[in-house]
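J.: From the sequence below, what's the structure:
(3 chains)
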Amino acid sequence: MRSDRISPLQQPQQQQQRRRLLLPLLLSLGLPLLVRAPLVHAEDARHSLTFRDDVGRELTLKTPLKRVVVFNRYTTEFVRAVAGMQPVVGVDIDSARSRNYWPTVTPAMLAGQGQSSPNYEAIVAMQPDAVFFPRNSDWQKAAAVLGRFGIPVVVVTAWDVLKHEENVTLFGKLFEQPQRAAKLNAFYRRYRDLLAQRLQNLSMAQRKRVYIEEVGAYKTLLKGSGWHDMVEVGGGVNVFRDVSVLNQPSARGSVQGFSVDPEEVVARMPEVIVKLEPGQYEPHSRAFSLQVLEAVAARPGFDRVPAVRNAPVQVYHISYYLAGGCSKIIGALQIAKWLYPDRFKDVDPDQVMRTWLEDFQQVPAPGGYTASLAELRK
Amino acid sequence: MNNTLLVQALKHHQRRNALAMIAGVALLIAAMALAGSLGAQKFGMATSLRALFAPLLPAAWLSDIPAWQIALLQQLRLPRIVMAVVAGAGLALAGVAMQGITRNPLVSPYTVGISPAAAFGASLAILSGATGVAGAWSGLYLTVAAAFASAVLCATLVLAFSALRGVSATMLVLGGVGLTYLFSALTASVQFVATEQQLAAIVQWTFGSLNGSTWNEVAVAGGVLLLGAPLLQWHAWALNAFAAGGDDIAASLGFAVGRVRTVVTVVAVMITAAVVSFTGVIGFVGLVAPHIARLLIGGDHRWLLPFSAIVGALLVLLSDMAGRLLFAPVIIPVGIVVAYVGVPLFLHLLLSSRHKAGL
Amino acid sequence: MLNISGLHYRHGRRLILDNIDLQVGAGEIVCLVGPNGAGKSTLLKCINRINRVMPSQHARMTLAGDNLQDMSRRNLARAIAYVPQHTGPAMSLRVADMIALGRAPHRTWNSGERDRHIVLDAIERLKLQELALRPYDELSGGERQRVLLARALVQQGRLLLLDEPTSDLDLHHQLEAMTAAREIADTQGSGVLIAIHDLALAARFADRLVMLREGRVVAQGHWREVLTPQHIEAVYGVSVRIGSDGDIPYVIPLRMP
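T.: So this is what the prediction gives:
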């Protein structure tokens, strides 16, 4: 019960206060209207290509693309393989740092950390025809921001093994280099078909069980990850293939590095253990590989596991570079050779890698991207 | 000291405060101008100022600047700068308000878990997919609303906890640490059901970032700030009463304790939610800026509120500049830079409060 | 001025105050005495509605005829000034601003000038000029008490409630505080109700005493009527000798029976 009355002097004061709030509010909401619309690039005589990108967006670009910013190493590799480095004006920090692998990249080409934190100002200053993002990035935000400058964002997921040929063909069209794209696809298909052919009469029961581990101990790769596909294309069976935390197909790719129970690893009795090692262009030293692989073999309970128990012991080190190269087909090849040496006697994965690096990536091939514990122990 | 001397001293103090405010504002404007001219692309100060005010200037003055540079300054740099100011001012104000209500200088949106809670709410909004196309108004409002709901839940827990008898200041902060972990864990769990694009959007938030701020985001956050700041200023005396004596004293001085506490808390949480929805968690601003402001201008909230806002704005703006320039063009998220500044100051605060009774 | 009749206060199940009748006249100092837990502080908090008292048919609390229960918070703050026992660790506010808080219930958008005068006046009266610009939490106990009294003074209430103003003070400051209260009563014409431990001090400065025990009034009136050895032994369980040195009363505790 208020026996208080607002004094007549206070009422207009309150109204005035409210009015004072209105102006700043209107101002802040009206600010965006003050800014001008973006300018469109000058037209020049080029062809036009309409296509769908990896997430289903329909885009129309002028081809051939002459200036592109590329995020994600795998994508950059494909661009180099199909069109060379000439059209690439912007890269992420991974490419800028590996001087030996990317000899033509200058510091001025760095466009930010990369797909998770692009430097929009740097990108705009490079005035590219397109910017490539993989789907495991906030491409939506990038498209919104860069769209204001008329710079299109193209979502291409080059690490997606299953979309390899589609991606390469698209690049062939975007850079108007259909022959080189075809050559790369032929290279890929040859070894993919080779694998399929030589493994086709191998039943599920006959296939060897593989435990594939990421950098972190007991972090494995699940269905939906490119590394998983690599193992299975190589004829192995991922011991954790039945595990699926997610049931959305669109969630593929966020399955990198799931922690599993060490006991579970032992319980599933893998016959082969493949340890991924994040590598640069320069391969690891043998001493390093030996140290890592011995540590794996020495883990509690692992002595019961067939991979360690059998002779020769089947524990392998595989660098990202070999494994990831050309959509992991080379990695798959290497795994197939380890798993079924008789069936792949005539195949030399190192030689295939050499071709990939020297012919398609135009860099020398140092070799030594894999290590086998059995070999190292000798 | 007789009365005339006292009157003079009081007037002098008043003038000094006003000068400090003016200096602060001037410094802020200068910092904004500097931020406008520096970046991955360096522009001269004159060029950047011309580009920033382009809509108001005749075309002839701008003919030598390429259109894309003008667009870059207007669409990328300026919204980022304004967002930094809005975020810094907003978080600082929220911090001062919460500190006043709980009479605890260690309280801030970050240290009691409200920022992480807001981030979790926003991540849920993104996860729902209902936010639509990036940048759409409806999506922005939905995100802020979700962040607010989550933050209010956390704030209720915090307030209830702090109102219990026997809860010391350190206990409150420890409780906040627990809540921070809880909401961070909840946000991290989201990764199991998010799509890659959603995940990439959410993962950015552990350390706040101003990258890619758009005018729409600035408008929403700025609008909330422009509504909330005068409300808090209106309650400056109430905050003085709370800070100086607590609930009983404030009541005996005629303040409607329950209502003031609710309004101030809601406004503080609202501002925090609006900022965090877009920038992610920028910690320690709400703690450090009020502390610095108190050292410079004293505990009277009539001055403390606006001055904290200025200090907060400067802190975030300068941190973002440092993050942009130190390893250009790689951008270090502003939240990381602020933590480097904020944590030592926080520890200093903890240590210096040892001697105060009750903490 | 203040008229309380039939006041009951419950906290949970316990009856803390039972049927309190109490009056404080304008310009009068009434001291509430009684052992720990008698309900002195509680009573003060009931008067200024910090404790919520259930309205009942028989209980009435009026101040100059106005019903205290019906007043708005703001009007209550204009009418009653309250100086608590513990202020707790305050966040630093300057003394001048602490005192200015007392004008809060009176403040209107154009009262700045007048408020300033009143605050300066209070600073002068309680000799706080040297301390005016210092932060409150740097002050000693006695100085803080003066500041709180100054704040109560600027509130210009018709009733002043003081809760244990002398408990943490040394001899000098105890006298100072009580003298200030006397002065406020005399000059402003406010009624002053003081909850206090020290019986001699209470007797010396009060116009009337009210002795409480376990929430009930056991005696009220002039100190000679209230502070009798029988009353004190019944309430405190201590035998004493009471006398006066001229006008100044003294209470000497002898032993516990």
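
J.: Please identify which helix or strand holds residue A:60.
T.: Applying DSSP states H and E as the criterion places residue A:60 in strand A:58-63.

J.: Can you list the helices and strands that that strand packs against?
T.: Contact analysis of strand A:58-63 by 3 or more C-beta pairs under 8 Å, 6 or more residues apart in numbering or on different chains; DSSP states H and E lists strand A:47-52, helix A:164-174 as its packing neighbours. All C-beta atoms are positioned from the backbone trio N, CA, C, and that covers glycine.

J.: Out of these, which one sits most buried?
T.: Ranked by average neighbour count under the criterion mean count of other C-beta atoms under 10 Å in any protein chain shown, the helices and strands packed on strand A:58-63 are headed by helix A:164-174 at a mean of 21.

J.: possible to save the helices and strands packed on strand A:58-63 as a markdown table with distance to chain C and mean pLDDT?
T.: Converted to a markdown table, the helices and strands packed on strand A:58-63 look like this (distance: least, C-beta to the nearest C-beta, whole Å; pLDDT from 0 to 100):
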| stretch | distance to chain C | mean pLDDT |
| --- | --- | --- |
| strand A:47-52 | 61 | 89 |
| helix A:164-174 | 61 | 91 |
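
J.: okay if I get those as JSON lines plus distance to residue B:49?
T.: Written out in JSON lines, the entries for the helices and strands packed on strand A:58-63 read as follows (distance: least, C-beta to C-beta, whole Å):
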{"stretch": "strand A:47-52", "distance to residue B:49": "40"}
{"stretch": "helix A:164-174", "distance to residue B:49": "40"}
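
J.: Adding distance to chain B, write these out as JSON lines.
T.: Compiled in JSON lines, the helices and strands packed on strand A:58-63 are given as follows (distance: least, C-beta to the nearest C-beta, whole Å):
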{"stretch": "strand A:47-52", "distance to chain B": "16"}
{"stretch": "helix A:164-174", "distance to chain B": "16"}
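
J.: Next one: residue A:376 from chain B, what distance?
T.: Separation of residue A:376 from chain B (C-beta to the nearest C-beta, to the nearest Å): 36 Å.

J.: Verify the contact between that residue and residue A:290 for me.
T.: Yes. With the criterion set as C-beta atoms under 8 Å, residue A:376 and residue A:290 qualify as a contacting pair; they are 4.5 Å apart.

J.: residues making contact with stretch A:107-119?
T.: Judged by C-beta atoms under 8 Å, 6 or more residues apart in numbering or on different chains, the contacts made with stretch A:107-119 from elsewhere in the structure are A:69, A:71-72, A:88-94, A:96, A:120, A:122-123, A:126, A:131, A:133-134, A:136-138, A:142, B:40, B:200, B:203-204, B:209, B:211-212, B:328-331, B:333.

J.: Check stretch C:17-27 too.
T.: Outside stretch C:17-27, the residues within contact range by C-beta under 8 Å, 6+ apart are C:1-9, C:30, C:39, C:42-43, C:46, C:158-159, C:185-186, C:189-193, C:207, C:210, C:214-217, C:220.

J.: Apply 6 Å and report the result again.
T.: Contact partners of stretch C:17-27, identified using C-beta atoms under 6 Å, 6 or more residues apart in numbering or on different chains, comprise C:1-7, C:9, C:30, C:39, C:185, C:189, C:191, C:193, C:215-217.

J.: Inside helices: which ones of those?
T.: When DSSP state H defines the helices, the subset of the contacts of stretch C:17-27 inside them is residue C:185.

J.: among the contacts of stretch C:17-27, which are in strands?
T.: With DSSP state E as the criterion, strands contain C:2, C:3, C:4, C:5, C:6, C:7, C:9, C:30, C:191, C:193, C:216, C:217 from among these.

J.: Give the closest residue to residue 173 in space, chain neighbours not counted.
T.: No chain specified, so I'll use chain A. Closest residue to residue A:173 in three dimensions, ignoring its sequence neighbours and counting by C-beta to C-beta, 6 or more residues apart in numbering or on different chains: residue A:49, at 5.7 Å.

J.: My question was about chain C, not that one.
T.: For residue C:173, ignoring the flanking residues on the chain, the nearest one in space by C-beta to C-beta, 6+ apart is residue C:142 at 3.4 Å.

J.: Secondary structure element holding the one you found?
T.: helix C:141-154.

J.: Which is the succeeding secondary structure element to that helix?
T.: strand C:159-163.

J.: For that following strand, give me every contacting residue.
T.: The set of residues external to strand C:159-163 that reach it, using C-beta under 6 Å, 6+ apart, is C:2, C:41, C:44, C:63, C:80-85, C:152, C:190-195.

J.: Restricting to the residues you listed, which residues neighbour chain A?
T.: Counting by C-beta under 6 Å from any C-beta of the partner chain, the subset of the contacts of strand C:159-163 that neighbours chain A is empty.

J.: Mind giving me the PyMOL command for buried ones among these?
T.: The PyMOL selection below is limited to those of these classed as buried (16 or more other C-beta atoms under 10 Å in any protein chain shown):
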select buried, chain C and resi 2+41+44+63+80+81+82+83+84+152+190+191+192+193+194+195
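
J.: Wondering if stretch B:330-342 reaches chain A at all.
T.: Yes. Counting by C-beta under 6 Å from any C-beta, contacts between stretch B:330-342 and chain A involve B:330, B:331.

J.: Can you give the contact residues for that stretch?
T.: Here stretch B:330-342 makes contact (C-beta under 6 Å, 6+ apart) with A:93, A:113, A:117, A:119, B:207-211, B:282-284, B:288, B:319-320, B:322-324.

J.: please redo it, this time with the cut-off set to 8 Å
T.: Everything outside stretch B:330-342 that qualifies as a contact, by C-beta under 8 Å, 6+ apart, is A:93, A:110, A:112-113, A:117, A:119, B:84, B:204, B:206-211, B:279-285, B:287-288, B:315-316, B:319-320, B:322-324, B:326.

J.: hmm, which of these are the buried ones?
T.: For the contacts of stretch B:330-342, a burial check counting by 16+ other C-beta under 10 Å picks out A:93, A:110, A:112-113, A:117, A:119, B:84, B:204, B:206-211, B:279-285, B:287-288, B:315-316, B:319-320, B:322-324.

J.: who's in contact with the residue nearest to residue A:173?
T.: With contacts defined as C-beta under 8 Å, 6+ apart, the neighbours of residue A:49 are A:60, A:61, A:62, A:63, A:173, A:174.

J.: rerun at 10 Å
T.: Contact analysis of residue A:49 by C-beta atoms under 10 Å, 6 or more residues apart in numbering or on different chains lists A:59, A:60, A:61, A:62, A:63, A:64, A:65, A:170, A:173, A:174, A:176.
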